[in-house]
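Novice: Below are the sequence and a predicted model; questions follow.
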Amino acid sequence: MNPFKLDQKHIAITGASSGLGHYFAKLLAANGAKVTLGARRVEKLEENVSGIRSAGGTATALPLDVRNSESIKSFISAAADEHGAIDVLVNNAGVEAGSKTYMMIDEDDWDFVLETNLKGAWLTAKTYTSHVEASDAAGGNIIMVSSISDRRANRGQFPYAISKGALTRMTEVMALEAARYRIRVNALAPGYIVTDMNRSVLESEQFVPFRNNIPMRRYGQLEDLDGPLLLLASDASRYMTGSVLTADGGHVCASL
Ligand SMILES: NC(=O)c1ccc[n+]([C@@H]2O[C@H](COP(=O)([O-])OP(=O)(O)OC[C@H]3O[C@@H](n4cnc5c(N)ncnc54)[C@H](OP(=O)(O)O)[C@@H]3O)[C@@H](O)[C@H]2O)c1
């Protein structure tokens, strides 16, 4: 028996219109899951869904704004109508405010990042928990997409790093509280992963010393997250809750 198989699991992914979420949806579908993709840019989700369907997978795109509780409720309810009870929720939607210090950000920056990365993750998890309770599912599984910024202090990441530090702690407290609903809660904490959005910055000359400070001396590629994500999404992690799985080439172990 393969404990990593996802056959027939219904997995909902927030922030699936670009970057990690876009990739996770394809990966999970390729491993047999039925996937529901949520984000604000529905046309981008539709492109992803078409690719997944062309490859033989099962996928649906739905509008989602994690800063809006009514949008979250509609997303969870429409996803369940489409593919049945949601086995796994991947809380991936996230934003940053650019390279700003605590003196440079304003209240709008703070609200934008904290409301998306933190309040959005809580509200989506809460709505999902109500869904699991009301459904005939045997339990549930929440994966928070955190970051090594939860522990590794960098100048200029002020509101983002705060949000990820709190998201990791949210994972731990929620794991304690969600066990009574038979829901597991874990976090994936990636290091610096190259995506279309950050490639030009990370691969610039200026960032070479930063990259060389990573013990494995390279940034992560999206494929480096396959194993950690499949572990957390599948029954292979059935005795894991409250864990933070780091995939960063050793970056948090390196001196700052
Ligand atoms: N790339 C990395 O190196 C890295 C490292 C560690 C952790 N992470 C984490 O990975 C996650 C994805 O980041 P990424 O690098 O892939 O960035 P990205 O390409 O900018 O993707 C962010 C995703 O979040 C969605 N999103 C933003 N605000 C939303 C909202 N209000 N409601 C619903 N969806 C929303 C975006 O979709 P719409 O704009 O269409 O709504 C998009 O799909 C984030 O949580 C990030 O902190 C990334």
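Specialist: Cool, the structure landed.
Novice: Which positions in the chain make contact with the ligand?
Specialist: In this structure, the chain approaches the ligand at residues 14-21, 39-41, 44, 64-67, 92-95, 116, 145, 147, 190, 192-193, 195, 197-198, judged by CB under 6 Å from any ligand atom. (Each C-beta comes from the backbone N, C-alpha and C, glycine too.)
Novice: Can you flag which of those residues belong to strands?
Specialist: Using DSSP state E, the subset of the residues of the chain next to the ligand located in strands is 14, 39, 145, 190.
Novice: which pair in the residues you listed spans the largest distance?
Specialist: Put simply, by CB to CB the two of these set farthest apart are Ala39 and Pro190, 18.5 Å from each other.
Novice: contacting residues for the residue in the chain sticking out farthest from the centre?
Specialist: Largest separation from the mean C-alpha position in the chain: Glu205, at 29.1 Å (CA atoms, centre = their mean). Contacts for Glu205 (CB atoms under 8 Å, 6 or more residues apart in numbering) come out as none.
Novice: What does the pLDDT read for it?
Specialist: The model reports Glu205 with a pLDDT of 96.
Novice: re earlier: buried subset of the residues of the chain next to the ligand, written for ChimeraX?
Specialist: Those of those that count as buried under 16 or more other CB atoms under 10 Å are selected in ChimeraX with:
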select :14,15,16,17,18,19,20,21,39,40,44,64,65,66,67,92,93,94,95,116,145,147,190,192,193,195
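Novice: What about the residues of the chain next to the ligand, which are in helices?
Specialist: Counting by DSSP state H, the part of the residues of the chain next to the ligand found in helices is 19-21, 44.
Novice: what about the helices in the stretch 151-256 of the chain?
Specialist: All helices of the stretch 151-256 of the chain, identified by DSSP state H, counting those that start in this stretch, fall at 158-178, 199-202, 208-212, 226-233.
Novice: Mean pLDDT for these - can I get that in CSV?
Specialist: Shown next, in CSV, are these (pLDDT from 0 to 100):
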stretch, mean pLDDT
helix 158-178, 98
helix 199-202, 94
helix 208-212, 95
helix 226-233, 98
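Novice: Would you format the ones you listed as TSV with distance to Trp110 and mean neighbour count included?
Specialist: Listed next are these as TSV, based on distance: least, CB to CB, whole Å; neighbours: other CB atoms under 10 Å:
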stretch	distance to Trp110	mean neighbour count
helix 158-178	5	20
helix 199-202	23	12
helix 208-212	26	12
helix 226-233	29	19
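Novice: and these as TSV, adding distance to Val244?
Specialist: Formatted as TSV, the helices of the stretch 151-256 of the chain follow (distance: least, CB to CB, whole Å):
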stretch	distance to Val244
helix 158-178	6
helix 199-202	23
helix 208-212	23
helix 226-233	10
